[in-house]
Structure formats: structure tokens, C-alpha cells
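Peer 1: Compute the structure for the input listed below.
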Amino acid sequence: MRSGWLRLVEDAQVLPQALTVALLDAGETSAIALALSLGATLLVDECRGRASAKGLGLFVLGTLGLLVRAREAGLVVKVRPLAAALMTSGYFLSNTLVEHTMAAIGE
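Peer 2: So this is what the prediction gives:
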């Protein structure tokens with residue numbers, strides 16, 4: 001792993017009011033707060049977390065979107081087998097979303 005690629009940071013001490021009432025789990029709340037403080041894109045798939053993040057002005061990217069970007073960057077050849085492997089391992093991705101995404105990218 002490249003030096004500086006991964007770093008530990010403290011959880012935000014002050015949370016936006018929208019996060020304190022959004023009924024999110026601690027991990028989502030922490031990820032959204034960190035993305036806000038860094039002005040970063042947030043990787044999240046869960047609907048409530050996505051809605052809260054978007055409501056706070058964050059750009060949100062899901063797992064399939066990340067895989068599509070990896071394909072566009074030449075890091076992976078096909079998205080479909082990766083999505084299938086995730087689903088086989090128990091990761092939930094909507095079949096409708098997967099098929100819509102595959103149609104959009106020509107897979």
C-alpha cells in the first residue's frame with residue numbers, strides 16, 4: 001500500500017443537526033461527518049444514509065458507481081462479474097439497479 005494512502009482520523013465532535021435526527025447507525029453518521037469536513041465524495045449504498053448525505057450537499061457514490069468508474073479508468077475490464085461476486089457473497093445490490101447499470105454501460 002502506498003504511504004499516505006490510508007490514515008486514521010478522529011470522529012467529528014460536533015455533528016450537523018440533520019445527522020443527529022436522521023436515525024443513521026454510528027458508522028454512517030461518522031462517514032458523513034468526515035466527508036463533510038473533508039469536502040469528499042461519500043461511498044454509501046444504504047438509502048437513508050444516501051438521502052441524508054445528499055441533503056447535506058455531499059456528492060454520493062454507490063458501490064456500482066465505484067465499479068463503473070474503475071472500469072472507465074481501466075482498472076477493471078467488466079463490472080457484471082464483480083457485482084455478481086458481491087451479491088453471491090451476501091452484499092445486497094438491487095437486481096433492478098444492477099441490470100439498469102449494466103444496460104447503461106453496455107454489459
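
Peer 1: I'd like to know which helix or strand in this structure has the lowest mean pLDDT.
Peer 2: Across the helices and strands of the chain, the lowest-confidence element by mean pLDDT, DSSP states H and E is helix 17-20, at a mean of 71.

Peer 1: Leaving out sequence neighbours, find the closest residue to the most centrally placed residue in the chain.
Peer 2: Among the residues of the chain, residue 43 comes closest to the average C-alpha position under CA atoms, centre = their mean, at 1.9 Å. Among residues not flanking residue 43 along the chain, residue 61 sits closest, at 5.5 Å (CB to CB, 6 or more residues apart in numbering). To be clear about C-beta, it is placed using only N, CA and C from the backbone, and glycine gets the same treatment.

Peer 1: got the contact list for the one you found?
Peer 2: Contacts were defined as CB atoms under 8 Å, 6 or more residues apart in numbering; by that measure residue 61 touches 41, 42, 43, 69.

Peer 1: residues in contact with the last one?
Peer 2: Contacts for residue 69 (CB under 8 Å, 6+ apart) come out as residue 61.

Peer 1: Ok, residue 68 next?
Peer 2: Contact criterion CB under 8 Å, 6+ apart gives 79, 101, 105 as the residues in contact with residue 68.

Peer 1: Contacts only, for the residue nearest to the centre of the chain.
Peer 2: The contact partners of residue 43, by CB under 8 Å, 6+ apart, come to 60, 61, 62, 63, 66.

Peer 1: Quick one: buried ones out of those?
Peer 2: Neighbour-count burial within the contacts of residue 43 applies to 60, 61, 62, 63; the criterion is 16 or more other CB atoms under 10 Å.

Peer 1: Dump those to a markdown table, plus secondary structure, distance to residue 87 and pLDDT.
Peer 2: Supplementary listing: the buried ones among the contacts of residue 43 in a markdown table, determined by DSSP: H, G, I helix; E, B strand; the rest coil; distance: CB to CB, whole Å; pLDDT from 0 to 100:
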| residue | secondary structure | distance to residue 87 | pLDDT |
| --- | --- | --- | --- |
| 60 | strand | 21 | 95 |
| 61 | strand | 19 | 94 |
| 62 | coil | 14 | 93 |
| 63 | helix | 10 | 94 |
